[in-house]
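Student: Need the 3D shape of this:
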Amino acid sequence: MEDSGEGEERRSNWAELTNVCLIDIFSRLTPENRWNSAMSVCKSWLEACKDPTLNTVVNLEPRFESTEDSPGLWTPEFERRVDAMLRSIVEWSDGSLKEIRVRHCSDFSLSFAAERCTGLEILSIMSSARVTDECMSRVAFNCPKLTELDVSYCHEISHESLALIGKSCPNLKTLRRNLMNWLDPSQYTEIVPLDYLNACPQDGDSEAAAIGKYMPNLKHLEIRFSKITVNGINFICQGCPSLEYLDVSGCANVTGGDIDIAVENLKNLEVIKKVNYYIPRMAVHLERYGHWSLYDARFQMDNFRI
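Tutor: This next block holds a predicted model:
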């Protein structure tokens, strides 16, 4: 059995570690491990975890990706937790935050981040139901170094925000503006609030026009399940000649032929994901899609999942 004096010595050695040593050790931990473990040990460890060099990135995506979506994630209570975490990291970063990847945040925390972290380069706020155009205008004016933006499933953000971001952030290379599958919304029932689900942005062509006009340097674009038409596809392909990756899967208002024609002049295009949605299984849809052979040009038959 270990001598009590030796145990005390070991504990005191840990307690006497310098702040520089603690920061070096904690830099090897994931943010989640720092939050859930190291920060709760003692005051000196808590202060070390707050060092700006450990808070240049906030990435909660791995946690969200490993967690099944549930109604609890769409509640005001969960949103307040995300907001509190983001605001804390912004304060600790002392303005050095470069990357934010969260979900379910609101204007409350994102405006705070935009005003204090003007060197922000990556912003991903998927499924943030209460982030609005007003907040995104602050992001546009305060964070001109943005190179990557993900505003998927953010229904309160409109084409006006996309235009402002494009005007203010000339180095933007990646945009993700995916929408929920409105062709078969049954997968979201009892998870996403119905009023929010019904508020899905309708004017895909206005968003496409903003992208094509103000984001000429885009290389990666995702607009899954957008209600874009052939006019919108043409706006994008004419205004974004450097595109290398284009995902328009689920865009039911355009055909594969429309897309093939539009992308002809995109010389750098390496990957294109076209319309590949499936027939809903619900019986209510059977009559509508009963004569599926009439729709060869619009539906990619080889990708149907019956």
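
Student: contacts, neighbours, all on C-alpha from now
Tutor: Will do.

Student: all helices of the chain, in order?
Tutor: When secondary structure is read from DSSP state H, the chain shows helices at 4-15, 19-26, 31-36, 43-49, 61-65, 76-93, 107-116, 133-142, 159-168, 194-197, 204-214, 230-239, 256-262.

Student: Just the buried residues of the fifth one, please?
Tutor: Of the residues in helix 61-65, Glu61 count as buried by neighbour count, 16 or more other C-alpha atoms under 10 Å.

Student: Next, the buried residues of stretch 22-40.
Tutor: Across stretch 22-40, burial judged by 16+ other C-alpha under 10 Å covers 22-23, 26, 31, 34, 38-39.

Student: Check the residues you listed and tell me the two furthest apart.
Tutor: For the buried residues of stretch 22-40, the farthest-apart pair by C-alpha to C-alpha is Leu22 and Pro31; their separation is 14.4 Å.

Student: coming back round to it: can I get the helices of the chain in JSON lines with distance to Leu175 and mean pLDDT?
Tutor: Converted to JSON lines, these look like this (distance: least, C-alpha to C-alpha, whole Å; pLDDT from 0 to 100):
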{"stretch": "helix 4-15", "distance to Leu175": "45", "mean pLDDT": "54"}
{"stretch": "helix 19-26", "distance to Leu175": "32", "mean pLDDT": "82"}
{"stretch": "helix 31-36", "distance to Leu175": "25", "mean pLDDT": "78"}
{"stretch": "helix 43-49", "distance to Leu175": "32", "mean pLDDT": "83"}
{"stretch": "helix 61-65", "distance to Leu175": "17", "mean pLDDT": "85"}
{"stretch": "helix 76-93", "distance to Leu175": "22", "mean pLDDT": "94"}
{"stretch": "helix 107-116", "distance to Leu175": "18", "mean pLDDT": "97"}
{"stretch": "helix 133-142", "distance to Leu175": "14", "mean pLDDT": "97"}
{"stretch": "helix 159-168", "distance to Leu175": "10", "mean pLDDT": "97"}
{"stretch": "helix 194-197", "distance to Leu175": "22", "mean pLDDT": "88"}
{"stretch": "helix 204-214", "distance to Leu175": "9", "mean pLDDT": "97"}
{"stretch": "helix 230-239", "distance to Leu175": "12", "mean pLDDT": "96"}
{"stretch": "helix 256-262", "distance to Leu175": "19", "mean pLDDT": "92"}
